[in-house]
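1. what's the 3D shape of this:
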Amino acid sequence: MALSHTFETLDPKGRSEWNCKFTNYRGNSAEMSAIISQLSIYESIYNNCMFGNIKVQDGTGFVESNGIVGSGLEKFHFEIFTENTVVSKSSNLEKIWNIDSITTGTKNPKFTEYDIGIVSPYLVKNNKIKISRSFLKMTASDIASYVGEKVLEFKSGAPDWASFDVTPTLHEKNTVVPNWNPFQLLNFLAKNSVSAKGESNYLFFENNDGFKFMPLDELKAKPSQRVLSLKNMPTKILTDKKGYNVDDSMMEDYSENVRFSIAQGQTGGRYGSSILTHNILEKWMKPYEVIYDGPKDKIMAETIGLNGPEAKQFADFNVWQHSGFMSHNYLYDIHDKGEKSHYPLHDMKKMEMRANIVKFNIPGDSNIFAGDVVTLMIPTHIHNHDIPEDQYLTGKWLITAIHHKISNNGYVMTLECMKDGMFSDPDITIPARGK
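-> The predicted model follows:
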């Protein structure tokens, strides 16, 4: 499809091409990019589906004459292309959406404002389907693949928005699905899955690269896609085809939203955790404690003091611990007996995802997805220091969410990123006061 809009600006925010086509419930199509004042698209590893909204300033009666009523049968095809200046392969942000709502805003003699909500068509399909059946001696990933292929009808070789990547899980099990939607089942499987590497933090989400059923550790292990620097730091200047100097590796409006909340981590299970299982028929209980990744993790939990007094670390199940409570039969039937610490470890991993969070804007780039890794270069404020970067914040971060903002003024992305800790102690010396 030919792209109809090219941003005519030297600002890297405007170095993309985009178009959008509306199709009404009768199958009639029309290009509508000329009346769009802003298009917002959201993707996140915390959401099962992408979604967005379109702000329209309609002075020609386009909405009325083309029958946009928010019936759920209208389609919206959006495509944006950004040249990849870092690697050879470029990617479109291209999706087909369902229009599921429309709200009329300000009316004046020149135009009427509309706010049109768009959602992934797979969300609409999910809401129409219920699954009631048993799966015998199948792993969670086998069940996920079945749901993707046979129920939601993701297909190999299909466009990006219809693909489904599944990371294999351990342990065959017998699972009975009690009249659940497909997404409800996939989220249940994610909570009860362990990968071949022992990872207990599966996610089910959609990004620009398709749908994913994979552990968080797999996302974090990917190579960095970009090196991004704050606006006031020296950055690598790239040159476009016309010879103009543009900088597409610059962060603006940088803010640090969260850094290690001890109180939240204590109640959420970040530092130490157990599951107390009970058998209501035989009237007994049994604790399953987390198996830590290494001695440093265990020391952190003991130092915070969540596993009892120092003289009785891990000796008894007690109120000092962050704990879960569930039926022993549930743990036995749904999960493998060899993964007794899975549930407390799962809680820890989920809390670690909210340990350090930053947000910032960058020039739009359709080659970056939620779930990608980027390297952030944050300047230090220590004077006379040989290393110019902040050694706590500089490094690899996982993109957890992206807000794509497209208008005739350009293409900007707001990124939310997280990191779950520091890999090594910073090599710094605190200077004396006044120096």
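
2. Look up how far Ile382 lies from Leu393.
-> Distance, Leu393 to Ile382, using C-beta to C-beta, to the nearest Å: 13 Å. For every residue, glycine as well, the C-beta is placed using N, CA and C.

3. who has more neighbours, those two?
-> Leu393 (19 against 15; other C-beta atoms under 10 Å).

4. I'd guess that one is in a strand, am I close?
-> No. Applying DSSP: H, G, I helix; E, B strand; the rest coil, one finds Leu393 to be coil, outside a strand.

5. show me what contacts it?
-> Counting by C-beta atoms under 8 Å, 6 or more residues apart in numbering, Leu393 makes contact with Glu256, Val358, Leu376, Ile378.

6. Quickly name whichever of those is closest to Lys55.
-> Val358 (27.0 Å; C-beta to C-beta).

7. what about that closest one, how many neighbours?
-> 20.

8. Show me the beta-bridge partners of it.
-> Judged by DSSP bridges, the bridge partners of Val358 are Glu256, Cys417.

9. from what I can see it touches Arg259, true?
-> No. Counting by C-beta atoms under 8 Å, Val358 does not reach Arg259; the two are 9.0 Å apart.

10. Report the buried residues of the helix or strand harbouring Leu93.
-> If you go by DSSP states H and E, Leu93 is part of strand 92-107. By neighbour count on 16 or more other C-beta atoms under 10 Å, the buried set for strand 92-107 is Asn92, Leu93, Glu94, Lys95, Ile96, Trp97, Asn98, Ile99, Asp100, Ile102.

11. ok, back up a step: pull out the buried residues from the contacts of Leu393.
-> Members of the contacts of Leu393 classed as buried by 16+ other C-beta under 10 Å are Val358, Leu376, Ile378.

12. quick one, what contacts Ser37?
-> Ser37 sits in contact with Lys55, Val56, Gln57, Glu113, Ser407, Asn408, where contact means C-beta under 8 Å, 6+ apart.

13. quick one: which of those residues is nearest Ser274?
-> Nearest to Ser274 out of these is Lys55 (C-beta to C-beta; 48.9 Å).

14. Next one: that closest one from Tyr42, what distance?
-> In this view, Lys55 and Tyr42 are 14 Å apart by C-beta to C-beta.

15. where's stretch 370-389 relative to the chain centroid, distance-wise?
-> With C-alpha atoms, centre = their mean, to the nearest Å as the basis, stretch 370-389 stands 23 Å off its chain's centre.

16. Show the end-to-end separation of that stretch, please.
-> By C-alpha to C-alpha, to the nearest Å, the extent of stretch 370-389 from end to end equals 25 Å.

17. min pLDDT across the buried ones among the contacts of Leu393, which one?
-> For the buried ones among the contacts of Leu393, the model is least confident at Ile378; its pLDDT is 85.

18. so where's the stretch 201-350 of the chain uncertain?
-> 231-248, 272, 291-323, 330-335, 337 (pLDDT under 70).

19. Show me the strands in it, by range?
-> Along the stretch 201-350 of the chain, the segments classed as strands by DSSP state E, counting those that start in this stretch run 202-207, 210-215, 224-230, 238-239, 245-246, 250-259, 273-279, 284-289, 322-327.

20. Which residue is the nearest non-sequential neighbour of Asn47?
-> Nearest residue to Asn47 in three dimensions, chain neighbours excluded: Phe205, at 6.0 Å (C-beta to C-beta, 6 or more residues apart in numbering).
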